[in-house]
Structures are given as structure tokens and as C-alpha cells.
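Undergrad: Take this sequence and fold it.
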Amino acid sequence: MSKTGAWIMELQEQFEDKVADIIKESENVAEAYASSVKLNNENHYVNWDNSEIECLVDDMWSEVWSEYQ
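TA: Model prediction:
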């Protein structure tokens, strides 16, 4: 993989780690959406639109909170 490809994948992993932290700190999924979109808009981790970020949050929300059910 090229250095650029590896760098992009590293940024995506960092973003996903931060989104997992956001989910754990959020009262509800809407708060997690807003915080995750804001994080990406401020730091440009991934080149995704808001709906793609919301899909990630949905998937991760279910995964994180399923451990507590």
C-alpha cells in the first residue's frame, strides 16, 4: 500500500476510535451524530458526507451498547 493510502486508513481508524469515545459519552444517538459530524468538520479525518458518518455512528452505537444489554 502506498504511504498516502496508509495515511488515509490511519486517519479513518483515528476517527472511528474518537467516534467510539463520543458514543460512550453521549446521552443519545442524535448527540453522537452531531458530535461526530462536528469532529470531522473541524479536523477533516475522513472525506465522508454527514449521512455516511451517521451510518457509522448507527453501526458503532449498536455495537458499543450491545455489550451492556
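Undergrad: got the contact list for the helix or strand hosting Ile23?
TA: In this structure, Ile23 sits in helix 3-25 according to DSSP states H and E. Outside helix 3-25, the residues within contact range by Cβ atoms under 8 Å, 6 or more residues apart in numbering are 1, 32, 35-36, 39-40, 45-46, 56-57, 60-61, 64-65. For every residue, glycine as well, the C-beta is placed using N, CA and C.
Undergrad: repeat for stretch 40-52
TA: Leu11, Gln12, Gln14, Phe15, Lys18, Val37, Leu39, Ile53, Leu56.
Undergrad: if we can go back for a sec, off-centre distance for the helix holding Ile23?
TA: Centroid separation for helix 3-25 versus its chain: 7 Å, with Cα atoms, centre = their mean, to the nearest Å.
Undergrad: Quick one: low-confidence residue ranges for this protein.
TA: Within the chain, the stretches falling below the threshold (pLDDT under 70) are 69.
Undergrad: switch to 80 and redo it
TA: Along the chain, segments meeting pLDDT under 80 span 1, 67-69.
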